[in-house]
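A.B. asks: How does the following fold in three dimensions:
(2 chains)
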Number of protein chains: 2
Amino acid sequence: MGRTPLRPDWIALDWGTTHVRAWAMTAGGDVLANTHSASGMGTLGADGYAPALAALTEEWELPQPCPVLACGMVGARQGWVDAGYAAVPTAPLSVPPVRVPDAPEQWNVRIVPGLSQTRPPDVMRGEETQIAGFLSLNPKFDGTLCLPGSHTKWVQISAGEVVSFQTSMTGEFYAALSKHTVLRHSIGTGWDDTAFTEAVSDGLSRPEALAARAFQIRADALLNGMDEATAAARLSGLLIGSELAHARPYWLGMPVAIIGAPQLAARYAAALEAQGVSPIIARADACTLAGLKAAYAAWKE
Amino acid sequence: MGRTPLRPDWIALDWGTTHVRAWAMTAGGDVLANTHSASGMGTLGADGYAPALAALTEEWELPQPCPVLACGMVGARQGWVDAGYAAVPTAPLSVPPVRVPDAPEQWNVRIVPGLSQTRPPDVMRGEETQIAGFLSLNPKFDGTLCLPGSHTKWVQISAGEVVSFQTSMTGEFYAALSKHTVLRHSIGTGWDDTAFTEAVSDGLSRPEALAARAFQIRADALLNGMDEATAAARLSGLLIGSELAHARPYWLGMPVAIIGAPQLAARYAAALEAQGVSPIIARADACTLAGLKAAYAAWKE
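C.D. replies: Okay, the predicted model is just below:
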């Protein structure tokens, strides 16, 4: 006796550089199932997107053609189609999703545009959908959103619009410095909350010392046997502290919500709490799905 | 008719992580020849040093045993022997070079110890020899030495001693960020002096903005087509500017000498000149050789 296949009405996709997640959705916005693979944008050539989508959804019985709404790096210049950007200030989904013109006929694929800022120059792609989702779940929110990650975004929200935003490459700095410098000999897995909090404070008050404090991690390991967990927490804290120094206008005296993976969001929350800010935390995946549902509802109106 | 082989009295070695350079020396300190290879410490296991040394010097007719004096990462914990550190404040060659106990009998190898500092923790290995060489060439110098590189050193010199020093991982930050983050798509070869000078000033006045300004390089390339030479100069300038902000007590109102490779030294000089400092420049390789000669003279006394 075979299983009855799932029959979604449309597919929601969070298609980033390294991963893709698909949700099987009903027209009413319920999730029937979800699945994921490592077929990120960075692994695919121009002809790879449709087969990757077919493989990801092969267990589902799909309408013909099947509506697909995607966000993330799949809409970058190197992606399936360049979905462009909407310029701030703007509501995060103000520009309709862009159709992929050369998708096979069984797919009706649209991709959410990113957001861009002219001065200073800045871009986001994928986070605009999380922001839209957060605002659909918290429609009265005015204040600052912090979306930590490889490229952490600080976003000023007023009356449902993104007024301005600021990206710090904090996560990518951590990855590059901990893996591709002499610090790779001193930094390991594990974590030390006290070292993190102290380093946040140090980075916030002396951000100009970053490249020197980073080397001190190596020297402290060589001279004093500092352990790898302390070293990891210290580098992370220095970077987040420096970032907080620059992002101060975004969080000082403002309501702050963090949208992120639980562990990383908790670290940013601890860093902010030490500065007297009490952020709320929202899950990134829940916000992404809510944003894709909002975009789909607008598309189908 | 064969060439008469060179007959050095001893070998001077600058043995770093990625390269090794050998000078064939007379007892009186004259250079007969020099050669180099890519047999850096990072490429060698414990049994690899003696064969690498033999290969490097195979065209020379050496005394038996041959005195060899080395500086650099060959004296690190992962090197041929751990040459340890002398603690500052100290003259840069105050501790005698350390003998390699298990070298084959045709070699009498000694390695110059590095320098260490307790508070804040810091280490150098190789630069102490350049400092000693600079001081042997400029015995009256009191002030600050700047040794730019992967790990740039700022060194306070007074009465022939290293009083304190401070390391910034500026060069390694540049390499890791330009090769192992999203910036690799925007940074190329080439250089722009104006972009560099502006970025130094920006980094010096707003060091906390580093991780955000770095992402702006990417955004400026995406939105405005900024060229790769401008991007390279801007990232370098931001990093050196941030470093200068932290190193200010070392250069503000002080005589400054830069010991480095010509191109990198010129960039640090330009950055300092924009702050009203007029550094002198000494060649790193000349200082290394002078330092090894000074260490050899002390060994043979």
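
A.B. asks: quick one: the helices in chain A?
C.D. replies: Secondary structure of chain A (DSSP state H): helices at A:49-56, A:127-137, A:170-180, A:193-205, A:210-224, A:228-246, A:248-251, A:262-273, A:284-300.

A.B. asks: quick check: mean pLDDT across the fifth one?
C.D. replies: Regarding helix A:210-224, the rounded mean pLDDT is 97.

A.B. asks: and if you look at the first one?
C.D. replies: Averaging pLDDT along helix A:49-56 yields 97.

A.B. asks: Can you tell me what sits against it?
C.D. replies: Residues outside helix A:49-56 that contact it (CB atoms under 8 Å, 6 or more residues apart in numbering or on different chains) are A:11, A:13, A:20, A:22, A:35-37, A:39, A:44, A:68, A:74, A:79-80, A:100, A:103-104, A:107, A:109. Any C-beta I mention is one placed from the backbone N, CA and C, and that applies to glycine too.

A.B. asks: on that earlier part again, any chance of the helices of chain A in a markdown table, plus distance to residue B:55 and mean neighbour count?
C.D. replies: A markdown table is the format used below for these (distance: least, CB to CB, whole Å; neighbours: other CB atoms under 10 Å in any protein chain shown):
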| stretch | distance to residue B:55 | mean neighbour count |
| --- | --- | --- |
| helix A:49-56 | 50 | 18 |
| helix A:127-137 | 55 | 26 |
| helix A:170-180 | 30 | 21 |
| helix A:193-205 | 45 | 19 |
| helix A:210-224 | 30 | 23 |
| helix A:228-246 | 36 | 25 |
| helix A:248-251 | 57 | 17 |
| helix A:262-273 | 49 | 18 |
| helix A:284-300 | 55 | 21 |
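
A.B. asks: Include distance to residue B:200 when you put the ones you listed into a markdown table, please.
C.D. replies: Shown next, in a markdown table, are these (distance: least, CB to CB, whole Å):
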| stretch | distance to residue B:200 |
| --- | --- |
| helix A:49-56 | 43 |
| helix A:127-137 | 31 |
| helix A:170-180 | 20 |
| helix A:193-205 | 21 |
| helix A:210-224 | 14 |
| helix A:228-246 | 18 |
| helix A:248-251 | 23 |
| helix A:262-273 | 29 |
| helix A:284-300 | 37 |
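
A.B. asks: and of the ones you listed, who's closest to residue B:175?
C.D. replies: Among the helices of chain A, helix A:170-180 comes nearest to residue B:175, with 7.5 Å by CB to CB.

A.B. asks: What count of nearby residues applies to residue A:90?
C.D. replies: 16 (other CB atoms under 10 Å in any protein chain shown).

A.B. asks: who's in contact with it?
C.D. replies: Residue A:90 touches A:115, A:161-162, counting by CB under 8 Å, 6+ apart.

A.B. asks: again, 7 Å this time
C.D. replies: A:161-162 (CB atoms under 7 Å, 6 or more residues apart in numbering or on different chains).

A.B. asks: Report the beta-bridge partner residues of it.
C.D. replies: Per DSSP bridges, the residues bridged to residue A:90 are residue A:162.

A.B. asks: Select, out of the helices of chain A, the one closest to residue A:91.
C.D. replies: Counting by CB to CB, and looking across all of the helices of chain A, nearest comes helix A:127-137 at 7.8 Å.

A.B. asks: how about that closest one, does it get close to chain B?
C.D. replies: No - Helix A:127-137 stays clear of chain B (CB under 7 Å from any CB of the partner chain), getting no nearer than 12.8 Å.

A.B. asks: what's the angle between that helix and helix A:284-300?
C.D. replies: 90 degrees (axes from the mean of the first three to the mean of the last three CA atoms, to 10 degrees).

A.B. asks: what are the C-alpha coordinates of helix A:127-137, in CSV please?
C.D. replies: C-alpha atoms of helix A:127-137 as CSV (Å, rounded to 0.1, in the frame of the first residue of the first chain):
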residue,chain,number,x,y,z
GLU,A,127,16.7,39.4,4.3
GLU,A,128,14.0,41.6,2.8
THR,A,129,11.7,38.5,2.9
GLN,A,130,12.6,37.8,6.5
ILE,A,131,11.8,41.5,7.3
ALA,A,132,8.5,41.3,5.5
GLY,A,133,7.7,38.1,7.3
PHE,A,134,8.6,39.6,10.7
LEU,A,135,6.4,42.7,9.9
SER,A,136,3.5,40.4,8.9
LEU,A,137,3.8,38.7,12.3
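
A.B. asks: if you average pLDDT over that helix, what comes out?
C.D. replies: 98.

A.B. asks: which strands and helices sit next to it?
C.D. replies: Helices and strands touching helix A:127-137, by 3 or more CB pairs under 7 Å, 6 or more residues apart in numbering or on different chains; DSSP states H and E, are strand A:143-147, strand A:256-260, helix A:284-300.

A.B. asks: how about TSV for those, with mean pLDDT added?
C.D. replies: Formatted as TSV, these follow (pLDDT from 0 to 100):
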stretch	mean pLDDT
strand A:143-147	98
strand A:256-260	98
helix A:284-300	95
